[in-house]
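**Q** this one's structure only:
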């Protein structure tokens, strides 16, 4: 059974090298969970094979993306391709490769996309939003679709928006553990489980 304080839980954190990922790793380790770190850099096939070797209870995508602070007319095609790959394609690709390991969990598996509050429609446009907002929105939509498809398989797909590593605390672990996705799919929520809308 997946729980924020379950010492038997196997938690994979993608983006463990980021401040948010490192903070999450420390919180889960303090509960006695078995934490495995990962990154979206490097060879994805090798990483997927390594992570999928044993059952996983929770996968958290906490990857960071530093969008160039340019306006729309200054962006190059390569900027768009990099943003789409980092924020949408790579998480979706790796999530699908880990589906069998999540299905093998003793309880409902959890796969969590940690997004940024600044990338939602509840905050003003920050610098670089021309890339970050549309591709995070694309990732949100993909995760919602996946949450509908994977719910019958016993896997809950969550999208949680936070500000930065300083706002990550035990409340987030509780929200991840306690949230169950309905057949209609996940909703965007904050670390305390409050729905934010799309």
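**A** The structure has been received and is ready for your questions. Quick caveat: nothing in here was measured; it's all calculated off a predicted structure.

**Q** going forward, measure contacts between C-alpha atoms and count neighbours the same way
**A** Will do.

**Q** So which residues of this protein form helices?
**A** Under the criterion DSSP state H, helices of the chain are mapped to 19-30, 44-51, 77-84, 90-97, 99-103, 129-150, 170-178.

**Q** In JSON lines, list these along with distance to residue 194.
**A** Listed next are the helices of the chain as JSON lines, based on distance: least, C-alpha to C-alpha, whole Å:
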{"stretch": "helix 19-30", "distance to residue 194": "19"}
{"stretch": "helix 44-51", "distance to residue 194": "31"}
{"stretch": "helix 77-84", "distance to residue 194": "27"}
{"stretch": "helix 90-97", "distance to residue 194": "24"}
{"stretch": "helix 99-103", "distance to residue 194": "25"}
{"stretch": "helix 129-150", "distance to residue 194": "16"}
{"stretch": "helix 170-178", "distance to residue 194": "9"}
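
**Q** I'd like those helices as CSV, with mean neighbour count appended.
**A** Putting the helices of the chain into CSV (neighbours: other C-alpha atoms under 10 Å) gives the following:
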stretch, mean neighbour count
helix 19-30, 19
helix 44-51, 14
helix 77-84, 14
helix 90-97, 18
helix 99-103, 20
helix 129-150, 20
helix 170-178, 18
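
**Q** In JSON lines: the ones you listed, plus mean pLDDT and distance to residue 191.
**A** Shown next, in JSON lines, are the helices of the chain (pLDDT from 0 to 100; distance: least, C-alpha to C-alpha, whole Å):
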{"stretch": "helix 19-30", "mean pLDDT": "94", "distance to residue 191": "12"}
{"stretch": "helix 44-51", "mean pLDDT": "93", "distance to residue 191": "26"}
{"stretch": "helix 77-84", "mean pLDDT": "84", "distance to residue 191": "24"}
{"stretch": "helix 90-97", "mean pLDDT": "93", "distance to residue 191": "20"}
{"stretch": "helix 99-103", "mean pLDDT": "93", "distance to residue 191": "22"}
{"stretch": "helix 129-150", "mean pLDDT": "83", "distance to residue 191": "16"}
{"stretch": "helix 170-178", "mean pLDDT": "92", "distance to residue 191": "5"}
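
**Q** Quick check: which of those helices is nearest to residue 164?
**A** Nearest to residue 164 among the helices of the chain is helix 19-30; the distance by C-alpha to C-alpha comes to 6.6 Å.

**Q** returning to that earlier point: who wins for proximity to residue 64 among the helices of the chain?
**A** Of all the helices of the chain, helix 19-30 comes closest under C-alpha to C-alpha, at 8.4 Å.

**Q** Can you tell me what sits against the closest one?
**A** By C-alpha atoms under 8 Å, 6 or more residues apart in numbering, the list of residues contacting helix 19-30 from outside reads 4-5, 11, 13-16, 34-35, 62-63, 164-165, 168-170, 173.

**Q** how much space between the residue lying farthest from the centre of the chain and residue 147?
**A** Distance from the C-alpha centroid of the chain, by C-alpha atoms, centre = their mean, peaks at residue 73 (29.8 Å). Using C-alpha to C-alpha, to the nearest Å, residue 73 is found at 35 Å from residue 147.
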